[in-house]
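Student: this is a predicted model, with the sequence first.
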Amino acid sequence: MELEFQEEAAVNFGKSLIVPSVQELAKQPIVDIPPRYIRSHEDPPIATHDSCLPSVPVIDLQKLASVDYELERLHLACKEWGFFQVINHGVSISLLEKFKLEIENFFKLPYEEKKQLWQEPDNHEGFGQLFVVSEDQKLDWSDMFYITTLPLNLRNTQLFNKLPANLRCLNLSISISPIQLC
């Protein structure tokens, strides 16, 4: 029996206009939030102590392969929320804490170092914001960093190699963790 391997196509989220760093904007002595970040058509969330707010869906990876209802919960979480919390994933708490610390340090890098990781006009990977398609578009009050790390053939090695060594090595240890769904 001959196995046929197909080359995976790169995921393309399209181009995203380059926008200023929110961290750098927040350092300026501004009195008013820039208009691109104000969403006046949205009502502010109101939470009271006695209100019952919905909670983020929790998906148990150990149950996912063996319990039918967990797969349905995953489907509903993706469909209704767009994200979910994962438990019983097999990644140790100490590794998660170390990763969290390295990510915090990563976002604390000096602006000049982060500029080396900034998005290019024709690529969505790097520092910036995704899906910015017009100069009039409302923006999120956040900076983000996006990079494809796996599969290895889709990794932007030029960008990946510019990451701090601690984060690159930690990423490698996470990417080879024995997490199995089946």
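Tutor: Thanks, I have it.
Student: give me the low-pLDDT residue ranges for this structure?
Tutor: Across the chain, the ranges flagged by pLDDT under 70 are 1-14, 42-53, 171-182.
Student: nearest spatial neighbour of Q23, chain-adjacent residues omitted?
Tutor: Sequence neighbours aside, D143 is the residue nearest to Q23 in space, at 5.4 Å (criterion: Cβ to Cβ, 6 or more residues apart in numbering). In this view, the C-beta of every residue, glycine as well, is placed from N, C-alpha and C.
Student: contacting residues for that neighbour?
Tutor: Neighbouring residues of D143 by Cβ atoms under 8 Å, 6 or more residues apart in numbering: S21, V22, Q23, F107, F127, G128, Q129.
Student: so the fifth one: helix, strand or coil?
Tutor: Just to be clear, that refers to F127. Following DSSP: H, G, I helix; E, B strand; the rest coil, F127 is assigned to strand.
Student: now do the SS call for F145.
Tutor: strand.
Student: now for L139, how many residues are close by?
Tutor: 17 (other Cβ atoms under 10 Å).
Student: surely it and P35 touch.
Tutor: No - look at L139 against P35 with Cβ atoms under 8 Å: they stay out of range, at 10.0 Å.
Student: report the distance from the lengthiest helix in the chain to the chain centre.
Tutor: Counting by DSSP state H, the longest helix found in the chain is helix 93-107. Distance, stretch centre to chain centre, for helix 93-107: 14 Å (Cα atoms, centre = their mean, to the nearest Å).
Student: same thing with stretch 155-163?
Tutor: Using Cα atoms, centre = their mean, the offset of stretch 155-163 from its chain centre is 16 Å.
Student: in this protein, mark out all the helices, start to finish.
Tutor: 22-27, 61-64, 68-76, 93-107, 111-115, 157-160, 165-175.
Student: for those, which one sits closest to N123?
Tutor: helix 157-160 (8.5 Å; Cβ to Cβ).
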